[in-house]
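*Asks:* build the 3D model from these lines:
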Amino acid sequence: MFGIWIPALLFFGKSPAAGEEVCYERVGCFKDGLPWTGTFSRQFAGLPWSPEKINTRFLLYTRQNPKVHQEVSAVNYLTIRASHFATHKITRINIPGWKSDGKWQQDMCNVLLKVEDVNCINLDWINGSLQYIHAVNNLRVVGAEVAYFIDVLVKKFGYSASKVHLIGHSLGAHLAGEAGSRTPGLGRITGLDPAGPCFHDTPNEVRLDPSDANFVDVIHTNAVRLFFELEVFSFFDCNHARSHRFYAESILNPDAFIAYPCRSYKSFKAGNCFHCPKEGCPTMGHFADRFHLKKMKPNRLYYFLNTGTVSPFARWRHKLSVKLDGNNVTQGSIFLRVGGTIGKTGEFEFVSGTLKPGMTYTDLIDADINVGNITSIEFIWKEYSFERSQSKLGAEMVIDISGKYGYQSAFCSQNIGGPNIAQILKPC
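*Replies:* Predicted coordinates for the structure are as follows:
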């Protein structure tokens, strides 16, 4: 993937001499030179275009106009006054990155307005973002435009910057950071897969940084640190490039996407970070800000979770231990179904290989639904042999520990049976 960027940078990268400067009415001056140009990550970056050439647009959607936008402008703030913008509501601004068609932004507003009565604004800066290196340069001006828009809301309408939430995808995450660095008291920035090329190992003023808003949360969807580390909250998931889809789903599911504090994905995958600590776990996405910062420990932690490959993406983590009973050692697989007060999982494979009575098998599962409090467990085993089996197996005890609260439930049975026969365990 990264080989795509380098030729593009070389092709477009004729930067003015370090130290040159351009100034534009309303948004201020922009210098060429360190840290914007000349670093290892930014050898070919340059000066941004004018606001007129970029033509940044603010497209407002509300519950009064959920399908057709109203274009509002800080330059002509009477357009804001004439629109459905309401000063008593929270404002969420969706900011795209490089060469975006705006579809995810429209989907985001649709979902937001189902759940909340907010001012939802989609930012359009497509003229300045068609080529990556130009977008890297131009986001500085666009970030200044966003900051100017918020400043007008504050000064002309008595609006509080703390009620503004910027949601930026890819380059849009750093654009949000640029706006936040210019806006004292900005409420929140959410970075969705912040772009890496031209931002790796750059100073705070170049990229999205924890100081850019009162609350900063970042979702990385490849379960490794792409190029840099961001706080206040960094969430890591193992499915790539779906961060805006995860975020949209989280709006509709306040209790979903539970993320576990851990030092590394390797440690998380090994089950070393189960379950939530006494101060609790944050949820990735829209409701991450419900997790109070005062609960955070001084040592830096990241937050990990797994998701599904298709929607619905949310998963609920359980730790299951099965003590096996039976008359023979055999080769096969164990399947379980877990039922609760809210729902019931499908049949999932728990363990396969050698099945030995008397052994206890333990594994972590990510259930595709929230079952609530566990009320039932079904045990099924299947043998690899196609011959008529003489083996009988059963679960003597199954212990379930839920990831979020650490609740433990035990289910028992004294029955054993042949393959493909469901065994119902009862609380014990």
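*Asks:* so where do the helices sit in the stretch 201-350 of the chain?
*Replies:* Applying DSSP state H, counting those that start in this stretch to the stretch 201-350 of the chain gives helices spanning 243-252, 265-269.
*Asks:* after the lowest-mean-pLDDT helix or strand in the chain, which helix or strand is next?
*Replies:* The helix or strand of the chain with the lowest confidence, counting by mean pLDDT, DSSP states H and E, is helix 5-12 at a mean of 32. Later in the chain than helix 5-12, the nearest helix or strand by DSSP states H and E is strand 21-24.
*Asks:* which strands or helices does that next one pack on?
*Replies:* Strand 21-24 sits against strand 28-31, with contacts defined as 3 or more Cβ pairs under 8 Å, 6 or more residues apart in numbering; DSSP states H and E. C-betas here are computed from N, CA, C, even on glycine.
*Asks:* show me what the strand it packs on is packed up against.
*Replies:* So strand 28-31, by 3+ Cβ pairs under 8 Å, 6+ apart, packs with strand 21-24, helix 132-157.
*Asks:* can I get the helices of the stretch 201-350 of the chain in JSON lines with mean pLDDT?
*Replies:* Below are the helices of the stretch 201-350 of the chain laid out as JSON lines (pLDDT from 0 to 100):
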{"stretch": "helix 243-252", "mean pLDDT": "94"}
{"stretch": "helix 265-269", "mean pLDDT": "86"}
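*Asks:* and those as CSV, adding distance to residue 384 and mean neighbour count?
*Replies:* Output for the helices of the stretch 201-350 of the chain, formatted as CSV (distance: least, Cβ to Cβ, whole Å; neighbours: other Cβ atoms under 10 Å):
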stretch, distance to residue 384, mean neighbour count
helix 243-252, 37, 21
helix 265-269, 27, 16
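*Asks:* to residue 344, which of these lies closest?
*Replies:* helix 243-252 (21.0 Å; Cβ to Cβ).
*Asks:* show me what that closest one is in contact with.
*Replies:* Here helix 243-252 makes contact (Cβ atoms under 8 Å, 6 or more residues apart in numbering) with 104, 107-108, 111-112, 114-115, 167, 169, 190, 192-193, 219-221, 237, 256-257, 283-287, 307, 311-314.
*Asks:* one more time with 6 Å, if that's ok
*Replies:* 104, 107-108, 111, 115, 169, 192-193, 219, 221, 257, 285-286, 313 (Cβ atoms under 6 Å, 6 or more residues apart in numbering).
*Asks:* swap in stretch 343-353?
*Replies:* 333-338, 361, 367, 369, 371.
*Asks:* start to end distance for that stretch?
*Replies:* 29 Å (Cα to Cα, to the nearest Å).
*Asks:* what are the buried residues along that stretch?
*Replies:* 345, 350-351 (16 or more other Cβ atoms under 10 Å).
*Asks:* got CSV for the residues you listed, with distance to residue 423 and pLDDT too?
*Replies:* Below are the buried residues of stretch 343-353 laid out as CSV (distance: Cβ to Cβ, whole Å; pLDDT from 0 to 100):
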residue, distance to residue 423, pLDDT
345, 16, 88
350, 13, 96
351, 15, 96
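*Asks:* in CSV: the residues you listed, plus distance to residue 149.
*Replies:* Converted to CSV, the buried residues of stretch 343-353 look like this (distance: Cβ to Cβ, whole Å):
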residue, distance to residue 149
345, 47
350, 53
351, 56
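*Asks:* the residues you listed in strands, which ones?
*Replies:* Within the buried residues of stretch 343-353, residues falling in strands by DSSP state E are 350-351.
*Asks:* so what's residue 426 bridging to?
*Replies:* residue 412 (DSSP bridges).
*Asks:* on that earlier part again, of the contacts of stretch 343-353, which pair is most distant in space?
*Replies:* The widest separation within these (Cβ to Cβ) is 22.9 Å, between 361 and 369.
*Asks:* so which helix or strand takes in residue 386?
*Replies:* Residue 386 belongs to no helix or strand, assigned by DSSP H and E.
*Asks:* for the closest residue to residue 106 other than its chain neighbours, what are phi and psi?
*Replies:* Spatial nearest neighbour of residue 106, chain neighbours left out: residue 122 (6.8 Å); criterion: Cβ to Cβ, 6 or more residues apart in numbering. Residue 122 adopts backbone torsions of phi -100, psi 130, taken as degrees, to the nearest 10.
*Asks:* thank you, goodbye.
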